[in-house]
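Asker: Please work out how this folds:
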Amino acid sequence: MAKVSSKLFKLWIRINAFMKTLLILACFAACTALTAPDSRKSESSAGPLKTGAEQTEKYFPLLKGKRIALLANPTTIIGHRHLVDSLQSAGFDIKKVFGPEHGFRGNASNGAKVKDEIDAATGLKLISLYGAKRKPGAEELADVDIVIFDIQDVGCRFYTYINVLRDVMEGCAEQGKELLVLDRPNPNGYLVDGPILDMKLKSGIGQFPIPIAHGMTIGEFAQMINGEHWLPNNLQCKLTVIPLANYNHNMAYTLPVPPSPNLNTQQSILLYPSICLFEGTIISQGRGTDSSFNVLGAPLLKGKYDFSFTPRSIPGKSETPLHMGEACYGLNLYQYDTDKLRKSGKLELGWMMELYKAYPDKARFFDMSQSKQMGNIDKLAGVTAFKEQIVAGVDEKTIRASWEPGLSTYKKMRKKYLLYP
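Answerer: From the prediction side, this is the model:
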């Protein structure tokens with residue numbers, strides 16, 4: 001009997017120790033649950049960046065049983081594969097593809113009209129929205145239930161992809177079709193700067209009352225178009241945006257595919273908001289070289305600068321560039337530290353001031369009649385005052401002050417449509 005009691009006592013000791021262990025583990029788990037971050041919050045603020053297109057689980061269900069059209073170009077990718085190929089492989093019913101400036105395959109030069117055609121690789125009908133028509137109409141959308149918009153923007157008023165976004169939204173609104181925007185990062189998303197467009201200067205390179213650098217993704221901009229009633233006749237587009245995952249506007253982002261033929265390096269993309277204004281001058285931005293928007297120069301600056309480059313005809317990029325075959329002397333910005341732009345949060349105006357001051361024939365500096373390649377500086381800047389200020393030698397602080405209160409008002413309005421911090 002004593003032996004049995006001894007065994008029971010030892011068993012009781014073991015059970016008691018086991019229960020104490022369980023109690024300790026339970027308390028530890030409870031404390032951990034109280035102090036650990038919310039998994040839903042950590043998922044939205046940490047982890048790899050994902051584009052809207054990569055998050056197929058969020059939009060594939062929206063496409064089931066629907067007839068689909070896409071607005072696409074070479075930047076329309078999931079990883080290394082084009083979205084059109086991914087959708088076709090998944091068995092979705094793609095009826096046609098709309099193409100922006102430079103075309104679906106991205107092989108048309110800047111400003112070149114693009115014709116409709118049949119895509120040799122996919123057999124799909126390609127309809128250009130940068131040719132005879134600028135928006136899809138009843139005929140183009142008759143056999144379509146939903147349009148997918150997925151192209152890479154660079155965050156500038158004069159970059160035409162936001163124009164085609166508005167045109168597609170208008171067409172969808174008129175015909176009662178859905179628009180699905182698969183969002184992508186803005187490589188210049190940190191930058192909100194420049195004069196607000198005077199709508200008297202509205203043109204193909206400026207169609208919205210926004211600054212030169214608008215600081216929004218394409219998905220955010222689509223929401224702004226609807227929210228600010230920028231579609232005619234108070235139309236509203238039935239819009240769905242698949243947001244980016246783990247993105248913020250200050251995030252540095254290297255584009256995996258050039259957004260257009262002449263923005264073919266990361267350096268050119270980051271310099272573009274400041275350099276594109278030179279398209280309204282006699283100064284070449286390097287069109288007709290292997291890396292446009294990395295250099296600035298003109299033949300008459302010989303002797304004032306040592307660096308030079310010579311534009312040439314490049315099919316599919318710049319067939320007849322400004323100063324073709326002539327040595328251009330000026331600024332080499334290949335190695336310019338673009339982090340300076342990020343830290344300042346401003347457009348670089350010093351290059352315009354410097355080159356105007358250095359140019360010997362000032363009467364020709366802004367004379368667009370000298371070359372069909374040159375733009376209108378007033379339309380590029382969005383105001384007539386900018387050219388006048390450069391000519392008069394006005395200091396940068398005064399120029400920037402003239403952009404107010406419009407710029408500050410825009411920044412407040414912009415906040416209503418932001419999807420990301």
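Asker: Would you point out which residue is most central in this structure?
Answerer: Asp153 (2.3 Å; Cα atoms, centre = their mean).
Asker: In contact with that residue, which residues?
Answerer: Applying Cβ atoms under 8 Å, 6 or more residues apart in numbering to Asp153 gives the contacts 159, 161-162, 184, 186, 217-218, 221, 259. C-betas here are computed from N, CA, C, even on glycine.
Asker: could I have stretch 117-131 exported to PDB, CA atoms only?
Answerer: The C-alpha coordinates for stretch 117-131 follow below in PDB (Å, rounded to 0.1, in the frame of the first residue of the first chain):
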ATOM      1  CA  GLU A 117      -2.900  47.300 -86.700                       C
ATOM      2  CA  ILE A 118      -3.000  43.600 -85.800                       C
ATOM      3  CA  ASP A 119      -0.300  42.600 -83.300                       C
ATOM      4  CA  ALA A 120       1.800  39.900 -84.900                       C
ATOM      5  CA  ALA A 121       2.700  38.200 -81.600                       C
ATOM      6  CA  THR A 122      -0.700  37.900 -80.100                       C
ATOM      7  CA  GLY A 123      -3.100  38.300 -83.000                       C
ATOM      8  CA  LEU A 124      -5.000  41.000 -81.100                       C
ATOM      9  CA  LYS A 125      -6.400  44.200 -82.700                       C
ATOM     10  CA  LEU A 126      -4.300  47.200 -81.700                       C
ATOM     11  CA  ILE A 127      -6.200  50.500 -81.600                       C
ATOM     12  CA  SER A 128      -4.100  53.600 -81.300                       C
ATOM     13  CA  LEU A 129      -5.200  56.500 -79.100                       C
ATOM     14  CA  TYR A 130      -2.400  58.600 -80.400                       C
ATOM     15  CA  GLY A 131      -3.400  58.900 -84.000                       C
END
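Asker: What residues sit buried inside that stretch?
Answerer: 124-131 (16 or more other Cβ atoms under 10 Å).
Asker: wait, which of those residues is closest to Asn234?
Answerer: Checking those against Asn234 with Cβ to Cβ, the nearest one is Leu129 at 22.8 Å.
Asker: follow-up on the earlier one: farthest pair within the contacts of Asp153?
Answerer: Using Cβ to Cβ, the contacts of Asp153 span at most 14.8 Å, a distance reached by Phe221 and Pro259.
Asker: and the gap between Val84 and Asp153?
Answerer: 19 Å (Cβ to Cβ, to the nearest Å).
Asker: actually Val394, not the one I typed
Answerer: 31 Å.
Asker: what are the ranges of the strands in the stretch 51-200 of the chain?
Answerer: Along the stretch 51-200 of the chain, counting by DSSP state E, counting those that start in this stretch, strands occupy 67-71, 77-78, 81-82, 93-99, 117-118, 125-128, 146-149, 178-182.
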